[in-house]
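**Student:** My questions are about this predicted structure, shown below with the sequence.
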Amino acid sequence: MFQEEAIAMKSIAVVNFAPEKGSVEIREIAKPTLGEEDVLLEVVNVGVCGSDLHQWTSDHSWPVNYPVVLGHEFGGHIVEVGSKVNGWKEGDKVVSETAAVIDANNPLSREGLYNLDPTRKGFGYGVNGAMTRFVRVPARCLHRIPEGLPFEEACLTEPCCVAYNAVVVNSKIRPGDRVIVLGPGTIGILCAAMAKLCGAEVALVGLEVDKGRLQIARQYGCEPIVRDATEWAMQSDGLGVDCVIDAAGVSATLQLALQWVRPNGHITKVGWGPQPLNFSLDALVQKNVTLQGSFSHNWPIWEKVLSLLGSGRLNVKPIIGGVWKISDWHEAFEQMYSGKVVKSVLTPN
């Protein structure tokens, strides 16, 4: 009996334990203890994000609180509720936002923009994430999963919210706009899908090695283009596209965005890239272009996205390449890293 209880208090987890490349392994961790405003979530599915891969390969550009359990795209069942938590109960099916730690008194948090709070810490780098059986989540992060939406799709609410913030909130794309999205990873494909929902004509641009992922764009009604999108960008009136969403994982793609955007157009940068630019930004000035960064998401965006997912207007099935057990994390990571699949999903149980 005591041995069974001891086992129940431990779970295996995918842990990033040091800054050196490849410093990720399966470790046994203790079941989290709750604060009075937290819930304990039993994870059903957790998506592998590009940022998880970047921490694995050690080419990330954000501070990490080692050792830390990876995983910030997740959903599950509530199994325990803190003493001051209202409106949630055991058994509720939920997904969680990523802002695990925020300063409620920060001016940005007071505006509802806690995603931009400089002291914010997220799951998977600042605090333990969800690539394990149980994760402690502040109740303020929770959202209900719409009836009938499978967990393996619901756990991808987070990257859909990144795309919604980039396309709808920070780009304000209108019906009839022509839009280029750079980078056919998860975020790029979802940005393309979101731009189509806004009524835009959309092209998704990548490299030769991206051909398989680029073809997924067709399922969302978007045009896949390998490398040079100049012809597509200029075919309307020769001036360029209304908006470029840069979802590539390098900084240099901004140069392509400046080539293809029209004068007085808009560029939104959502892809991380720590490398220096090494080119002139004069075109930004000469073309009178708006350059907008886009980071993370907040509560109302999650509610909008869950409505889209629940109604079927946004379908994430085309990007899911498979579901792996937590113990098979390495294969799931390799499949994404090699580009064989767009999105890997893990299940702890």
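**Tutor:** Structure received.
**Student:** Next one: residue 312 relative to residue 58, how far apart?
**Tutor:** 39 Å (C-beta to C-beta, to the nearest Å). C-beta here means a position set from N, CA and C on the backbone, and glycine is covered the same way.
**Student:** Can you pick out the residue with more neighbours from those two?
**Tutor:** For residue 312 and residue 58, the more surrounded residue by other C-beta atoms under 10 Å is residue 58, and the numbers stand at 15 against 10.
**Student:** Mind checking what secondary structure the residue nearest to that one when sequence neighbours are not counted has?
**Tutor:** Closest residue in space to residue 58, ignoring its immediate chain neighbours: residue 21 at 4.0 Å, by C-beta to C-beta, 6 or more residues apart in numbering. Applying DSSP: H, G, I helix; E, B strand; the rest coil to residue 21 yields a three-state assignment of coil.
**Student:** Quick check, residue 21 in contact with residue 55.
**Tutor:** No - judged on C-beta atoms under 8 Å, residue 21 makes no contact with residue 55 at a distance of 9.9 Å.
**Student:** Give me the more crowded residue out of the two.
**Tutor:** Set side by side, residue 21 and residue 55 show more neighbours around residue 55, with 23 against 11, by other C-beta under 10 Å.
**Student:** what sits against residue 19?
**Tutor:** 58, 64, 66 (C-beta atoms under 8 Å, 6 or more residues apart in numbering).
**Student:** what's the answer for residue 244, then?
**Tutor:** Residue 244 touches 179-182, 256-257, 260-261, 265-268, counting by C-beta under 8 Å, 6+ apart.
**Student:** cool, residue 281 as well?
**Tutor:** By C-beta under 8 Å, 6+ apart, the neighbours of residue 281 are residue 258.
**Student:** gap between it and residue 234?
**Tutor:** Residue 281 is 21 Å from residue 234, by C-beta to C-beta.
**Student:** Below-threshold pLDDT in the stretch 1-150 of the chain: ranges please.
**Tutor:** 1-8 (pLDDT under 70).
**Student:** Show me where it has its helices.
**Tutor:** Using DSSP state H, counting those that start in this stretch, the helices found in the stretch 1-150 of the chain span residues 2-8, 50-57, 107-110.
**Student:** is it true that residue 46 touches residue 131?
**Tutor:** Yes - Residue 46 is in contact with residue 131 according to C-beta under 8 Å; the separation is 5.5 Å.
**Student:** wait, residue 81 sits on residue 89?
**Tutor:** Yes - because the distance of 6.5 Å satisfies C-beta under 8 Å, residue 81 is recorded as touching residue 89.
**Student:** The two: who's more crowded?
**Tutor:** Neighbour totals were compared for residue 81 and residue 89, and residue 81 leads with 20 against 10 (other C-beta under 10 Å).
**Student:** Once you drop chain neighbours, what's closest to residue 67?
**Tutor:** Looking at residue 67 with C-beta to C-beta, 6+ apart, the closest residue is residue 17, at 4.0 Å.
**Student:** I would like the residues contacting stretch 215-230, please.
**Tutor:** Against stretch 215-230 from outside (C-beta under 8 Å, 6+ apart): 180-181, 184, 189, 192-193, 195-196, 201-208, 210-211, 214, 232, 256, 259-260, 318-319, 342.
**Student:** and if we set it to 6 Å?
**Tutor:** 180, 189, 192-193, 196, 202-205, 208, 214, 232, 260, 318 (C-beta atoms under 6 Å, 6 or more residues apart in numbering).
**Student:** For those, which two are the farthest from each other?
**Tutor:** 260 and 318 (25.2 Å; C-beta to C-beta).
**Student:** Looking at these two, which has the bigger crowd around it?
**Tutor:** For residue 260 and residue 318, the more surrounded residue by other C-beta under 10 Å is residue 260, and the numbers stand at 23 against 16.
**Student:** And the closest residue to that one other than its chain neighbours, which helix or strand is it part of?
**Tutor:** Nearest residue to residue 260 in three dimensions, chain neighbours excluded: residue 233, at 4.0 Å (C-beta to C-beta, 6+ apart). Taking DSSP states H and E as the criterion, residue 233 maps to helix 230-234.
**Student:** per-residue confidence averaged over the following helix or strand past that helix?
**Tutor:** Per DSSP H and E, the first helix or strand lying C-terminal to helix 230-234 is strand 241-246. Confidence for strand 241-246, expressed as mean pLDDT, is 98.
**Student:** Stretch 178-192 now?
**Tutor:** 98.
**Student:** what do you get for stretch 329-345?
**Tutor:** Averaging pLDDT along stretch 329-345 yields 97.
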